[in-house]
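Asker: Okay, sequence plus prediction incoming.
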2 protein chains.
Amino acid sequence: MKRKITLKQIARELDVSISTVSKALSGSKEISEETTQKIQAFAKFYNYKPNNIALSLKNRKTKTIGILIPEIVHHFFSTVIRGIERVANRRGYNVIVGLSNESFAKEIINMEMLANGSIDGFILSISKETLLKQDYHHFNATINQGMPIVMFDRVVNEVDCDKVIVDDFNGSVKAVKKLIENGCKNIALITTMDYVSVGRLRTQGYIEALEQNKIIAEPNLILKIDDSLDVENQFEGLEQEIEQFFKSNGNIDGVFAVNELYAVTAMKVARKLGLSIPEDVQVIGFTDGVLSKHATPSLTTVSQHGQKIGEQAANLLIDRLEASDTESPQYFKNGDKKSDFIKVVIETDIIERESTK
Amino acid sequence: MKRKITLKQIARELDVSISTVSKALSGSKEISEETTQKIQAFAKFYNYKPNNIALSLKNRKTKTIGILIPEIVHHFFSTVIRGIERVANRRGYNVIVGLSNESFAKEIINMEMLANGSIDGFILSISKETLLKQDYHHFNATINQGMPIVMFDRVVNEVDCDKVIVDDFNGSVKAVKKLIENGCKNIALITTMDYVSVGRLRTQGYIEALEQNKIIAEPNLILKIDDSLDVENQFEGLEQEIEQFFKSNGNIDGVFAVNELYAVTAMKVARKLGLSIPEDVQVIGFTDGVLSKHATPSLTTVSQHGQKIGEQAANLLIDRLEASDTESPQYFKNGDKKSDFIKVVIETDIIERESTK
DNA sequence: ATTCTCAGCGAAAACGTTTTCGTGTTAACA
DNA sequence: TGTTAACACGAAAACGTTTTCGCTGAGAAT
């Protein structure tokens, strides 16, 4: 077992100074041809690679991005991570992942753990509990310490930073309009509680689409699921709840659900009640994941392009990190100019499958 | 924007030495009550937290675990990550994630990137391309540099390290036996190519279960899918291929598939051909993910307990990391004793749902 | 009065880099 | 011959810690 070799060891072996070794390896003109050859050969032989930690300390940058998300066993989030990792890797960065489990406390702990030098910046999506509490001091504190943050999907106006969001509102409008065009008269909405901003926006889109078509939104046709903060077994009563909903609304011929799980569960319930899809009831979901793709019938969905979100977020963050190297610090002191921060909106697409006509 | 404060700054402000500050903050008895109070108050006020990078450099350990997996948009792998993150966090470690995308080259790049001081040890699952090439030098090289590795799921005998695997063989035996008990006479197997060890083991389990029941395995009833290395769109021809398979084997009344996607696709095809589930054909899949849970009908699966795998792997790794602090180095020099390494086998469970009688 | 002890603190090394600046040698030039 | 310039290299600082060791002064012991 031979430990990793260091500059110091090379220097000692070759009887030169550490500086000479460092310069020779970086191909500095200061060092003679001969010495350079000798050192490079030796280094190659012993597979010398500079120690990242030492470099990080010296350069005061780690070339590492911290990702902080509520949950990883979730198709959307893992797709975003994939996008982040792709561009991070391409641009020479590593990613370190923290999970908040939708908990305010874990979110803070994780941020503090990473903010002490381990990373150069954050890409994160806010936990549900934090959204409920509306306490965002930890984000602002981190930003104030000079560490940039890029938020995605679940974002909030109270924090000044770059953001990448899905056009939830228009995505919903598009989806509900399609149901209307396809002849649906009684379109149900299955959504979450309002404190999750994406749930709220998608609900608003639903209402907007109806209004544009002179249809009055019936409160009966809106089912708000209280998916608890308990991540472990949050889907217990879902099927029963939706079944109850269907039974008390006999005339539903279209369903728009704010995520794919609600959508496939709705399909399941509908068929259990003897309705066929898409003949009797058409269904569109939000979030294009494995369920949508492989359900029977496959589900028409609003795709959020998670990977693109991740890529954009990573590019935004890295751009800002590398700008702060060169740019005048003036740019950053100018904290009260909100316009400094970018908000990227990723358009949605409707992917038509078998659950609509 | 106030940057993070350092020991040096505190020392200057309070007109003491750096050492005094460090000692006072760690509560050393060496420093007087009075000075300690003053320094701790000041540090608290400015929210001092030691810089992780500096600590890493000094302690020559990063308290960070590197995870290297083929793909993250995959229920099993993300479940494992969740398990790793859970115990890592509990034991004071961070996790840094690298994706190989099933590519040999990316696997090596990622390992080299992380092995230069960024992490204390690896938890990984081997990429398909690496399994194909059977080139494992990068793993052994890393281990030789004193960096421990724990492999999970896709492991290989050629590398000496701790391993956490699923009992693929017995899981398959159990599943196929259940189909036989349930009255299936012609059980099909849908599997992958043999170079993925888990595919091979699950195939062997299938054969074993048949043999134990004096049934001769018919080659016709085995469909080997060549899921290409192209991760992007590997599912193109899947449905057609399975449909073809069903058509040329009219008597199939049971299906065992080595992953849930194959299983639900088989169900889809079967129903398309007018067969009902579980009456005409019963289906069991491997890997208990969202698809299994929410398909219609829901799928009976062999659960691999991904989270438990992750937890075990993380505990193994951290145990070894912290043992090497205290233990005599003798323990590690003793490289040729294979018995030093632990292989944990996680038992599978069959989760019965609607796709079996 | 002299030595001893100990409390309280600081200097410095170490972790592994990069980089600035200085220094000695040699060759060229006046 | 003396000055200069280029060349090749080394010393040291810096990044932020922790820790070992040494130092100083004051009170206790002799």
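Answerer: That came through fine.
Asker: How about stretch A:14-30 and chain B, touching?
Answerer: No - using CB under 8 Å from any CB of the partner chain, we find that stretch A:14-30 stays clear of chain B, coming within 13.9 Å at best. Where you see a C-beta, it was placed from the backbone N, CA and C, and this is true even at glycine.
Asker: Give the buried residues for that stretch.
Answerer: Within stretch A:14-30, the residues that count as buried by 16 or more other CB atoms under 10 Å in any protein chain shown are A:Leu14, A:Val16, A:Thr20, A:Val21, A:Ser22, A:Lys23, A:Ala24, A:Leu25.
Asker: does A:Phe245 really touch A:Ile225, like I thought?
Answerer: No - counting by CB atoms under 8 Å, A:Phe245 does not reach A:Ile225; the two are 9.5 Å apart.
Asker: Mutual contacts of these two, please.
Answerer: Overlap of the contact sets of A:Phe245 and A:Ile225 (by CB atoms under 8 Å, 6 or more residues apart in numbering or on different chains) consists of A:Ile190.
Asker: Between the two, which has more neighbouring residues?
Answerer: For A:Phe245 and A:Ile225, the more surrounded residue by other CB atoms under 10 Å in any protein chain shown is A:Ile225, and the numbers stand at 23 against 20.
Asker: Show the pLDDT at the residue nearest the centre of chain A.
Answerer: Residue closest to the average C-alpha location in chain A (CA atoms, centre = their mean): A:Val80, at 4.6 Å. A:Val80 is assigned a pLDDT of 98 by the prediction.
Asker: hang on, A:Gly310 packs against A:Ile81?
Answerer: Yes - counting by CB under 8 Å, A:Ile81 is a contact partner of A:Gly310 at 6.4 Å.
Asker: At the contact with DNA strand C, which residues of the stretch 1-150 of chain A appear?
Answerer: Contact residues (CB under 7 Å from any atom of the strand) of the stretch 1-150 of chain A with DNA strand C: A:6-8, A:18-19, A:22-23, A:25-26, A:30, A:48-51, A:53-55, A:57-58.
Asker: that older thread, so for the helix or strand hosting the residue nearest to the centre of chain A, what gets flagged as buried?
Answerer: Element membership for A:Val80 (DSSP states H and E) is helix A:75-90. Across helix A:75-90, burial judged by 16+ other CB under 10 Å covers A:75-89.
Asker: Just want the angle from it to helix B:75-90.
Answerer: Using axes from the mean of the first three to the mean of the last three CA atoms, to 10 degrees, the inter-axis angle of helix A:75-90 relative to helix B:75-90 is 80 degrees.
Asker: Which elements pack onto helix A:75-90?
Answerer: strand A:64-69, strand A:94-99, helix A:306-326, strand B:94-99 (3 or more CB pairs under 8 Å, 6 or more residues apart in numbering or on different chains; DSSP states H and E).
Asker: Just put those in TSV and tack on mean pLDDT and mean neighbour count.
Answerer: As requested, the helices and strands packed on helix A:75-90 are exported to TSV (pLDDT from 0 to 100; neighbours: other CB atoms under 10 Å in any protein chain shown):
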stretch	mean pLDDT	mean neighbour count
strand A:64-69	98	26
strand A:94-99	97	23
helix A:306-326	93	20
strand B:94-99	97	24
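Asker: Not counting its neighbours along the chain, what's nearest A:Asp280?
Answerer: Sequence neighbours aside, A:Asp253 is the residue nearest to A:Asp280 in space, at 6.7 Å (criterion: CB to CB, 6 or more residues apart in numbering or on different chains).
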